[in-house]
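In: Pasted the sequence and its predicted model underneath.
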Amino acid sequence: LFNDTATTEIYTGEDTLSLHDALPIYGRREVLAKLGAAGFSGAEATFWNTLPFPLIVARRKLLPRPRDGSDVRLFPPAVEAAFNLAMAAERAWLRGVGPLPFGVSIFAVGRKPAVGPAASERPGSQS
């Protein structure tokens, strides 16, 4: 599993303090190529947090920073419910259409080949 920020557009002082802004940003093709080069098979990658992207950019770039320095927190129940609906819509898109074209984050998954004998060949395994 791989999950990371997909764009520097949303970086804030929080990213600088945590040194997150010193890490590279990878696109979908780069993530897939790196997973393949590392020996992962069947890798898939997509952006996510696509629907809230404009709101997140606006929050982080146009509004003052929160007093505690972080905008990562629970919001009022109605706002959380709206974001949950957005995530459900994104999951439906991923299942029915395919990868999302942009988003706040990039998510990837791949399978590492088994090392050693197959599970059915291991001592004590039942066939």
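Out: Structure's in. What do you need?
In: Run a quick neighbour tally on Pro52.
Out: By the criterion of other Cβ atoms under 10 Å, Pro52 has 17 neighbours. Where C-beta positions appear, they are placed from N, C-alpha and C, glycine not excepted.
In: Help me confirm that it comes into contact with Phe83.
Out: Yes. Proximity of Pro52 to Phe83 meets the contact threshold set by Cβ atoms under 8 Å, at 6.2 Å.
In: Might you report the residue contacts of Arg111?
Out: The neighbourhood of Arg111, defined by Cβ atoms under 8 Å, 6 or more residues apart in numbering, consists of Phe40, Ser41, Gly42, Ala43.
In: ah, wrong one, I meant Asp71
Out: Applying Cβ under 8 Å, 6+ apart as the definition, the contact partners of Asp71 turn out to be Thr12, Glu14, Arg59, Arg60, Arg65.
In: Correct me if wrong, but the fourth one is in a helix.
Out: Yes. Read with DSSP: H, G, I helix; E, B strand; the rest coil, Arg60 is one of the residues of a helix.
In: That one contacts Ile10, doesn't it?
Out: Yes. If you go by Cβ under 8 Å, Arg60 and Ile10 touch, sitting 5.2 Å apart.
In: Can you identify each of the helices in this protein by residue range?
Out: Remark: helices assigned in the chain by DSSP state H are 13-17, 28-37, 53-62, 77-96.
In: Would you mind saying which of those lies nearest Lys112?
Out: Distance to Lys112, taken as Cβ to Cβ, is lowest for helix 28-37 among those, at 9.4 Å.
In: got the CA coordinates for that closest one in PDB?
Out: Backbone C-alpha positions of helix 28-37 (Å, rounded to 0.1, in the frame of the first residue of the first chain) are rendered in PDB as follows:
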ATOM      1  CA  ARG A  28       0.400   8.000 -11.000                       C
ATOM      2  CA  ARG A  29       2.800   6.700 -13.700                       C
ATOM      3  CA  GLU A  30       5.800   7.200 -11.500                       C
ATOM      4  CA  VAL A  31       4.200   5.300  -8.600                       C
ATOM      5  CA  LEU A  32       3.300   2.400 -10.800                       C
ATOM      6  CA  ALA A  33       6.900   2.400 -12.300                       C
ATOM      7  CA  LYS A  34       8.500   2.400  -8.900                       C
ATOM      8  CA  LEU A  35       6.300  -0.400  -7.600                       C
ATOM      9  CA  GLY A  36       7.100  -2.400 -10.700                       C
ATOM     10  CA  ALA A  37      10.800  -1.800 -10.300                       C
END
